[in-house]
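**Q** All I have is the shape, not the residue letters:
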Ligand SMILES: [Zn+2]
Ligand SMILES: [Zn+2]
C-alpha cells in the first residue's frame, strides 16, 4: 500500500494541514476509518483542555497532594501533616493523638485498627477545626 502526503482542512481553525504518508500508514495500521479532523495544534489544544477538565491521571495518582499542611502535634509534639490549614491558637493533633481523642471506642472496635481503616475514619470524621467550630466558636 502506497501513501502520499495529503492536505486536509482542520475543522477547528479551518487551516490546511498535512496528513503525511507516515501518518496515513499509522492510521491504516490501526484501522482508523476516518481522516484526522484537526491539525496538530488544535488536537494538542483539545487534549490539554481535556486533561485539565477531567483532573488528569497524574493528579489522581497522588491522593496526598490535596491541601496537606506540615505542622506539629500540639499533644505529643511530633511533626505531622493535616488535611486542612490549621488556624492559629487551635490545637492540631497528629494522626495517633487525633485517633485516640476523637474516634469513639465503639467505632474503633467495629472497623478494626489497620492503617487503612484509620485513614478511612479520619477522612469521614470532622476535623478538630470543624469540631471546635461546632463547639461554639463565634460565628462570622
Ligand atoms: Zn486547527
Ligand atoms: Zn500527637
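**A** Happy to help now that I have it. None of the values given here were measured: they were computed from a predicted structure. Numbering: from 1, shown residues only. Ligands and ions are numbered 1, 2, ... in the order given.
**Q** Stretch 88-102 near ligand 2 anywhere?
**A** Yes - figure legend: stretch 88-102 in contact with ligand 2 (CB under 5 Å from the ion); contacting residues 94, 97. The way it works is simple: take the backbone N, C-alpha and C, and place the C-beta from them, glycine included.
**Q** Now do that stretch, average pLDDT.
**A** With pLDDT averaged residue by residue, stretch 88-102 scores 80.
**Q** how about it: buried residues?
**A** Of the residues in stretch 88-102, those with enough neighbours to count as buried (16 or more other CB atoms under 10 Å) are 92-95, 97-99, 102.
**Q** With stretch 6-13 instead?
**A** The neighbour-count check on stretch 6-13 (16+ other CB under 10 Å) flags residue 10 as buried.
**Q** end to end, how far does that stretch reach?
**A** Between the opening and closing residues of stretch 6-13 we find a distance of 18 Å, counting by CA to CA, to the nearest Å.
**Q** Please work out the average pLDDT along it.
**A** In this model, stretch 6-13 has an average pLDDT of 95.
**Q** cool, stretch 16-25 as well?
**A** In this model, stretch 16-25 carries a mean pLDDT of 95.
**Q** Does that stretch reach ligand 1?
**A** No - counting by CB under 5 Å from the ion, ligand 1 is not contacted by stretch 16-25; separation bottoms out at 6.7 Å.
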